[in-house]
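Novice: build me a model from this:
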Amino acid sequence: MRVDFIMNGRVSSNELNALWHNAWPDHVDRDLIGPLKSCESYVLAREGAKLLGFAKVITDGDLHAVLLDVITHTSARRQGIGRRMVEMLVGDVKAKGCSNMHVDFEPHNSDFYEALGFSNTAAGLLRI
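Specialist: Okay, the predicted model is just below:
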């Protein structure tokens with residue numbers, strides 16, 4: 001499998017919604033392109049035209065970045081795609097001056113994030 005990783009590439013809301021459905025079957029379709037305008041950057045993983053992965057990062061424009069929506073298609077997991085997307089985004093925001101990247105994750109994903117160097121820390125969450 002040859003996977004291409006594309007920073008800030010062209011993607012449709014339909015492609016993103018299909019990827020979200022694959023990861024979360026209860027996903028409700030919505031505009032997923034509009035929110036990309038407020039992202040510092042995002043990365044796509046493609047095998048030909050097929051979207052296999054997506055991840056994005058937002059920043060405060062200074063020291064802090066937040067990693068969001070790291071998604072790999074279920075048919076392509078455990079092949080290093082998620083790792084490569086995160087590494088690309090870390091490198092991108094580090095080059096722009098960020099020194100801290102934050103990520104929230106569910107306990108079953110802790111091994112993935114810890115292998116990438118993230119510390120497992122307490123964080124606050126307010127669902128609104």
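
Novice: please put the alpha-carbon coordinates of stretch 88-105 into CSV.
Specialist: Output in CSV follows, covering the C-alpha atoms of stretch 88-105 (Å, rounded to 0.1, in the frame of the first residue of the first chain):
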residue,chain,number,x,y,z
MET,A,88,3.8,15.9,10.6
LEU,A,89,1.5,18.2,12.6
VAL,A,90,3.9,18.3,15.5
GLY,A,91,6.7,19.3,13.2
ASP,A,92,4.6,21.9,11.5
VAL,A,93,3.5,23.7,14.7
LYS,A,94,6.9,23.4,16.3
ALA,A,95,8.4,25.2,13.3
LYS,A,96,5.8,28.0,13.8
GLY,A,97,7.0,28.5,17.4
CYS,A,98,4.6,26.3,19.4
SER,A,99,6.2,24.5,22.4
ASN,A,100,3.2,22.6,23.8
MET,A,101,0.8,20.3,22.1
HIS,A,102,-2.3,19.2,23.9
VAL,A,103,-4.5,16.2,23.1
ASP,A,104,-7.5,14.7,24.8
PHE,A,105,-8.0,11.0,24.3
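
Novice: please report how far the nearest residue to His102 once chain neighbours are set aside lies from Thr74.
Specialist: Setting aside the residues directly before and after it, His102 is nearest to Val66 in space (C-beta to C-beta, 6 or more residues apart in numbering), at 4.9 Å. Every residue, glycine included, has its C-beta placed from N, CA and C. Noted for Val66: a distance of 25 Å to Thr74, by C-beta to C-beta, to the nearest Å.

Novice: for Gly61, give me the pLDDT.
Specialist: What the model reports for Gly61 is a pLDDT of 86.

Novice: just say helix, strand or coil for it.
Specialist: The three-state label given to Gly61 by DSSP: H, G, I helix; E, B strand; the rest coil is coil.

Novice: list the contacts of it.
Specialist: Neighbour list for Gly61: empty [criterion: C-beta atoms under 8 Å, 6 or more residues apart in numbering].
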